[in-house]
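Q: how would this look folded up:
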Amino acid sequence: MNQEFKPEFTPDPRLYPFESRWFDSSRGRIHYVDEGTGPPLLLCHGNPTWSFLYRDIITALRGQFRCIAPDYLGFGLSDRPPGFGYKIDQHAQVIGEFVDHLGLDGYLTMGQDWGGPISMAIAVQRAERVRGVVLGNTWFWPIDVLTTKIFSRVMSSPPMQKAILQRNFFVERLIPAGTAQRPGTAVMDHYRGVQPSPAARLGVAEMPKELLAARPLLERLSREVPAKLGAKPTLLVWGMKDFAFRPGPTIPRIRATFPDHMLVELPTAKHFIQEDAPEEIASAIIRCFG
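A: The predicted structure follows:
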């Protein structure tokens with residue numbers, strides 16, 4: 001499979017009205033947006049999304065915050081470099097390089113889905129530079145929920161890997177299933193457009209394997225996040241209808257980690273909270289950190 005695929009998709013400026021910027025990391029070229037002025041806010045996406053997921057939040061916040069949203073290697077408009085493994089610790093290392101390149105200090109960090117572990121892995125190594133934490137529908141400890149373990153094993157199986165690579169299963173099925181209202185055609189086309197071929201989807205296909213394979217990193221984060229970030233002011237924004245990270249077992253663990261927190265429940269939002277409740281999330285960030 002050709003791993004040298006480079007995305008040629010051009011976002012619609014009416015939906016994604018941002019200037020594309022680029023950073024040459026040690027492993028490949030990263031695409032990102034850097035919009036607005038004020039306290040820096042690093043926005044970390046999950047699977048199978050990219051910085052486009054944060055478009056409405058960026059638009060709402062760029063008058064008060066410097067909103068920085070990268071695409072991981074293998075996602076969005078970033079490179080799909082030959083030989084890159086798309087492991088979670090590799091993503092964290094590359095985006096950590098990016099944070100250092102920008103010289104971010106006193107920054108807020110937001111993560112959803114895999115953006116939680118990735119943003120936390122970056123932050124624990126730069127704790128003195130982190131002003132506060134925003135997390136939503138995510139986790140940062142070894143997977144201990146049976147349904148999630150089963151999901152990882154099923155999605156790692158040859159038939160499902162073929163479905164992800166050949167039929168873009170994560171975009172076509174999981175984004176509609178993970179949103180309260182199915183996104184319109186134009187929005188779905190922005191998720192499809194950056195993954196037009198099997199070669200473009202290798203990063204997407206790897207992440208469900210990492211739910212179990214990244215256990216060493218997640219074990220480390222389960223210790224280091226409370227120790228190094230637990231005293232930071234924290235905002236939790238939670239889609240209460242999420243099928244992946246159900247509020248009952250997940251929220252109490254995160255609340256216990258960050259005693260100085262504000263919890264904002266998003267009653268109708270599912271997994272992709274940035275699609276379902278961007279205005280509520282932006283308002284909560286302003287209330288908490290504005």
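
Q: can you give me the strands for the stretch 1-150 of the chain?
A: For the stretch 1-150 of the chain, the strands defined by DSSP state E, counting those that start in this stretch cover 21-24, 29-35, 40-44, 66-70, 107-112, 130-136.

Q: with distance to Thr250, mean neighbour count and mean pLDDT as added columns, please give those in CSV.
A: (C-beta placed from N, C-alpha, C; glycine too.) Listed next are the strands of the stretch 1-150 of the chain as CSV, based on distance: least, C-beta to C-beta, whole Å; neighbours: other C-beta atoms under 10 Å; pLDDT from 0 to 100:
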stretch, distance to Thr250, mean neighbour count, mean pLDDT
strand 21-24, 32, 14, 98
strand 29-35, 28, 21, 98
strand 40-44, 18, 27, 99
strand 66-70, 24, 25, 99
strand 107-112, 12, 26, 98
strand 130-136, 10, 24, 98
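
Q: got any ranges where the stretch 1-150 of the chain has weak pLDDT?
A: Counting by pLDDT under 70, the stretch 1-150 of the chain has low-confidence residues at 1-7.

Q: quick one: the helices in it?
A: Counting by DSSP state H, counting those that start in this stretch, the stretch 1-150 of the chain has helices at residues 55-61, 88-102, 115-124, 146-156.

Q: quick one: which of these is nearest Trp22?
A: Distance to Trp22, taken as C-beta to C-beta, is lowest for helix 88-102 among the helices of the stretch 1-150 of the chain, at 10.5 Å.

Q: and that closest one, what does it pack onto?
A: For helix 88-102, the helices and strands in contact under the criterion 3 or more C-beta pairs under 8 Å, 6 or more residues apart in numbering; DSSP states H and E are strand 21-24, strand 29-35, strand 40-44, strand 66-70, helix 115-124, helix 215-229.

Q: got the angle for that helix vs strand 29-35?
A: 50 degrees (axes from the mean of the first three to the mean of the last three C-alpha atoms, to 10 degrees).

Q: buried ones in helix 88-102, by neighbour count?
A: Neighbour counts over helix 88-102 (16 or more other C-beta atoms under 10 Å) mark 88-99, 102 as buried.

Q: and stretch 178-197, how far out from the chain middle?
A: 16 Å (C-alpha atoms, centre = their mean, to the nearest Å).

Q: what mean pLDDT does that stretch have?
A: Summarised as a single mean, pLDDT over stretch 178-197 is 97.

Q: which strand residues bridge the nearest residue to Met110 once chain neighbours are set aside?
A: Excluding its sequence neighbours, the residue lying closest to Met110 (C-beta to C-beta, 6 or more residues apart in numbering) is Val134, at 3.8 Å. Assessed by DSSP bridges, Val134 has beta-bridge partners Met110, Leu235.
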